[in-house]
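Novice: need the 3D shape of this:
(one chain, ligands or ions: 1)
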Amino acid sequence: MSIINKIIYNFENNNKLYIGEKVTMSEHMLQTAMLAEKNNSSNSLVCACLLHDYGHFIVDDPDMMVSKSIDANHELIGYDYLKNYFTPAVTEPIKLHVDAKRFLCRDKSYYNQLSTASKTSLKLQGNPMNDEEAKNFQKLKYFNDAIEVRKYDDGGKDPNIKIKNIGDFKELLNSQLIT
Ligand SMILES: [Fe+2]
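Specialist: Residues are numbered from 1 along each chain as shown. Just a heads-up that it's a prediction; the model follows:
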C-alpha cells in the first residue's frame, strides 16, 4: 500500500477519542488542518497540521512495532516515520509541536485557556520551558511553523463542526512527498 493510501486508511479506521477530548484523533487532525487552511497557511503547514498527531496511529498499529520505541513521545514517533516520506517543512513542525506548547505555556494567559486534558499532559511533557530552553527553541528554523501548528492544534477540538474527509486532502498530501 502506498504511504498516502495507508494514511487515508488509518484516518478512516480510527475511532479512538483524542485524549480527554470529545473528538476522535482523525477528526482532531482534520480540524487542525482545516484551521490552517482557513488562515491561508502554506500547503506544507496544512499538511503538518493534518499529520501532527500521526504518531498516535503508529503506536496503535501492530504492524508498526519496529518503528516505535517504548519511551518515545508521539511527536517523535510520528516524525521518525513520516520523515521517510515527507519534506522537512512538513515533518519538522510535527517534531516540534509539543515543544511549541511548552514554549507558549511560558505565557500564563496561554496556559489558562488550554483544555483540562492539555494542562494535564503538559506535566508529562516537561512543563513550560525555562529561559534557556526558550532562547534555543526560538533559534530553530521551524520555530514559527511549530508555533502555528500548535495554535491550530488547540482549536481543533470542536465536536460540533462539519469536518472534511481525509480523501479531500489526498492531492495536498501527494504534493508534499519527497520526490
Ligand atoms: Fe493535537
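Novice: ok, and the helix or strand in this protein with the lowest average confidence?
Specialist: helix 54-60 (a mean of 86; mean pLDDT, DSSP states H and E).
Novice: for Tyr152, which non-adjacent residue is closest in space?
Specialist: Leu35 (4.0 Å; C-beta to C-beta, 6 or more residues apart in numbering). Any C-beta I mention is one placed from the backbone N, CA and C, and that applies to glycine too.
Novice: where's the one you found relative to the ion, distance?
Specialist: 11 Å (C-beta to the ion, to the nearest Å).
Novice: with Lys135 instead?
Specialist: Lys135 is 25 Å from the ion, by C-beta to the ion.
Novice: on that earlier part again, count the residues that sit near the residue nearest to Tyr152.
Specialist: Per other C-beta atoms under 10 Å, the neighbour tally for Leu35 reads 20.
Novice: which strand or helix spans it?
Specialist: Assigned by DSSP states H and E, Leu35 belongs to helix 25-38.
Novice: tell me which parts of the chain are close to the ion?
Specialist: Selection of the chain residues close to the ion by C-beta under 5 Å from the ion yields Asp53, Asp153.
Novice: tell me where the model's unsure across the chain.
Specialist: Along the chain, segments meeting pLDDT under 70 span 61-72.
Novice: and if we set it to 50?
Specialist: Counting by pLDDT under 50, the chain contains low-confidence ranges at 69-70.
Novice: so what touches the helix holding Leu35?
Specialist: 11-12, 14-18, 21, 23, 45-54, 56-57, 148-149, 152-153, 155-158, 161, 163-166, 169 (C-beta atoms under 8 Å, 6 or more residues apart in numbering).
Novice: can you check stretch 163-179 too?
Specialist: Contact with stretch 163-179 is made by 3-4, 7-8, 11-12, 26-27, 30-31, 33-34, 43-44, 46-47, 50, 85-87, 89-90, as judged by C-beta under 8 Å, 6+ apart.
Novice: hmm, which of the residues you listed are the buried ones?
Specialist: Among these, those classed as buried by 16 or more other C-beta atoms under 10 Å are 4, 7-8, 11, 26-27, 30-31, 33-34, 43-44, 46-47, 50, 85-87, 89-90.
Novice: give me the subset of those that lies in helices.
Specialist: 4, 7-8, 11, 26-27, 30-31, 33-34, 43-44, 46-47, 50, 89-90 (DSSP state H).
Novice: for Asn39, which non-adjacent residue is closest in space?
Specialist: That would be Tyr152: by C-beta to C-beta, 6+ apart, it lies 7.5 Å from Asn39.
Novice: how about the helices of this structure, start to end?
Specialist: Using DSSP H, the helices of the chain run over residues 3-12, 25-38, 43-51, 54-60, 74-82, 88-104, 108-112, 116-125, 131-138, 143-155, 170-175.
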